[in-house]
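> Need coordinates for the below:
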Amino acid sequence: MDKLSLFGLLLGLAAILGGQVLEGGHVASLIQPTALFIVFGGTMGAVLLQNPLHVFRRALSMVKWVWLPPRINHKQTLDQVIQWSQLSRREGLLALENHIPGIKDEFTRNGLQLLVDGADPERIRELLDVEIGSYEDELRQAAKVWESAGGYSPTIGILGAVMGLIHVMENLSDPTKLGPGIAVAFVATIYGVGLANLIFLPIAGKLKYYIARQVMAREMLVDGLVGIALGDNPRIIESRLRGYLR
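Below is the predicted model:
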């Protein structure tokens, strides 16, 4: 579990709520269900309008990466490629065919199959780069869902504030309704800016980081497979792939 992400979220909330208390205010005054409904509901509505359903679903499924990061082991990829390189150097490329059924990752399996089939090194890189590009684009589209939510949220918060002020103006003759209307107006702005800068945009940034790490792992694998196809010495392949680990 990524404890730093959880700590960061709690620290941000504590700073805001603590500042409210230190200024002599009450935490309860920041709890406005109406304002939250306007901001969160309006933001999600705008996001759903912008994105296809399958992209939105993927964005929701990727949120867990913030606290439970995907397993990306570049060292394991390096060791695996070096093992294949040494085996192919001793026994030939066909000796790698026995390793294909045991590989769970479809991308790795496809790459190794191309290598065993004797595909041209440049052809291997070309085909696998297309897969990488498609994979990266799909994940980045999902990450942009949260990025767009961070853009819409403050604007929806301002919209909620205007609605609250309209409610206040309509009830100037009734002082009992002025307080709740003003509260909704100001708290809606806080919710809009707070959700954007404490939740949505940080989530998008963290997802982009892990996407970049996964793409780099695939590029590393492609580089290794092309090196094997070219017949490079295992030490040369290892030296080149260790550049990714730095």
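
> Would you check how far apart Arg140 and Lys3 are?
26 Å (CB to CB, to the nearest Å). All C-beta spots, glycine's among them, are computed from the backbone N, C-alpha and C.

> the more surrounded of those two?
A side-by-side neighbour count of Arg140 and Lys3, using other CB atoms under 10 Å, places Arg140 first with 16 against 8.

> does the more buried one belong to a helix or a strand, and which?
Per DSSP states H and E: Arg140 is located in helix 121-170.

> For that helix, name the packing helices and strands.
helix 33-50, helix 53-62, helix 106-116, helix 178-195, helix 201-230 (3 or more CB pairs under 8 Å, 6 or more residues apart in numbering; DSSP states H and E).

> Of all the ones you listed, which one comes closest to Ile72?
Across these, Ile72 has its closest neighbour in helix 201-230 (4.9 Å, CB to CB).

> Toward the C-terminus, what is the element adjacent to the closest one?
The first helix or strand that comes after helix 201-230 along the chain, using DSSP H and E, is helix 234-245.

> ok, back up a step: which among the helices and strands packed on helix 121-170 is found nearest to Asp129?
helix 201-230 (6.9 Å).

> Mind pulling the model confidence for Asp174?
On the pLDDT scale, Asp174 is placed at 69.

> hmm, I was thinking of Gln50
The per-residue pLDDT reported for Gln50 equals 93.

> That one: what's its closest spatial neighbour, skipping adjacent residues?
Ser148 (5.9 Å; CB to CB, 6 or more residues apart in numbering).
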